[in-house]
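Enquirer: Coordinates for the following, if possible.
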Amino acid sequence: PAGAAAPAKPRVGVCQFTVTEDKDRNIAKATEFVRKAASQGASLVVLPEVWNSPYATAAFPEYAEVCPVVGDDATTSTSPSVRAIASLAAELKCFIIGGSIPERSPDGCVYNTCLVYNPKGVVAAKHRKMHLFDIDVPGKITFKESKTLTGGSDVTTFHAGDAIGTVGVGICYDVRFPELALLMQQRGARVLVYPGCFNMVTGPLHWELLMRARATDSQAYVIGASQARVDAPPEGAAKGKYPQYVSWGHSIIVSPWAKVDEHVDEKEHVIVFDLDMAAVDEVRKNIPTYTQKRYDVYSVGDASVEGAGGN
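Expert: Predicted coordinates:
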């Protein structure tokens, strides 16, 4: 109606903090940062990947917790990381995308799992990292999540209230796969969230690039939530039980136009940002790639026929 006030823009919070080998300390740190975001009006708060455990394949089974399923009241969970974040969501009456923690399933498998809690502390979504981080860059970094983790198989979206709508969730290496982002878009996602922990080799090259690329593909907001950086101890200094994974940091919020709206450095930060959801509709109307797909030709076809296609 004429003269009606524009709807308030939903406010999101992104938490970037350091992670140690002390799980209780990590839970306390996550709690502190969620409270900071919520105190500034965030109705949806995002934690980083593997925030309760060292990012080390050998550590994942040790720090793994039993995770509830969608629809469970997680405030009564016996798993300390789960209960802490679910209880915060209920107390602060906000959605929390719980980054990820190692999950031990009943069959003994360990997953890299993101739990999403609604404002009652109930599990609204559960995403198990689909694409495992198995890379080998000679002389720079080798990491094989598959040594101790199992990959998930489900595309994950949830409804985050009328102001935001549908949100899609991936974890870190999942962002490299546009197919997943497009599936989430087809499910109605208007925001894609990727808790991640890129390293000092791939981070400078690909972190921002991939977040902007997925925003371009899906014509949605994209949020990347990273751990803050902890440098490896100097040569000869005392070392922890597990190798120090050095995170790139640089948590980021990218608009549906693929513009970087917010971006921080490697230190601890809380980003608070108001999403302009009308921008999602604007870019999808102005550049309507969603309705211009050519699924009738998106196949390899007979690759043995040279020059197939003719035009």
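Enquirer: can you tell me which residues contact the residue nearest to residue 132 when sequence neighbours are not counted?
Expert: Counting by CB to CB, 6 or more residues apart in numbering, residue 132 lies nearest to residue 145, which is 4.2 Å off, once chain neighbours are set aside. Every residue, glycine included, has its C-beta placed from N, CA and C. Residue 145 makes contacts with 57, 112, 129, 132, 133, 134, 173, as judged by CB atoms under 8 Å, 6 or more residues apart in numbering.
Enquirer: and the nearest residue to the second one once chain neighbours are set aside, what does it touch?
Expert: Once its chain neighbours are removed from consideration, residue 112 has its nearest residue in residue 129; the separation is 3.9 Å (CB to CB, 6+ apart). With contacts taken as CB under 8 Å, 6+ apart, residue 129 has the following neighbours: 100, 111-114, 145, 149, 151-152, 170-174.
Enquirer: mind checking how far residue 129 is from residue 258?
Expert: As for residue 129, its distance to residue 258 is 24 Å (criterion: CB to CB, to the nearest Å).
Enquirer: residue ranges of the helices in this structure, please?
Expert: Using DSSP state H, the helices of the chain run over 23-39, 59-63, 80-92, 178-186, 202-218, 278-286.
Enquirer: residues near residue 281, how many?
Expert: Neighbour count of residue 281, defined by other CB atoms under 10 Å: 12.
Enquirer: what's the answer for residue 237, then?
Expert: Residue 237 has 7 neighbours, counted by other CB under 10 Å.
Enquirer: With residue 190 instead?
Expert: Count around residue 190 with other CB under 10 Å applied: 23.
Enquirer: give the contact list for residue 267.
Expert: Taking CB under 8 Å, 6+ apart as the test, what residue 267 contacts is 16, 228, 229, 249.
Enquirer: now swap in residue 247 and tell me
Expert: 55, 197, 198, 199, 203, 226, 227, 228, 229, 230, 266.
Enquirer: Show me the beta-bridge partners of the fourth one.
Expert: What that stands for is residue 199. Note on residue 199: beta-bridge partners residue 247, judged by DSSP bridges.
Enquirer: can you pull the buried residues of stretch 30-50?
Expert: Neighbour-count burial for stretch 30-50 flags 30, 33-38, 42-50 (criterion: 16 or more other CB atoms under 10 Å).
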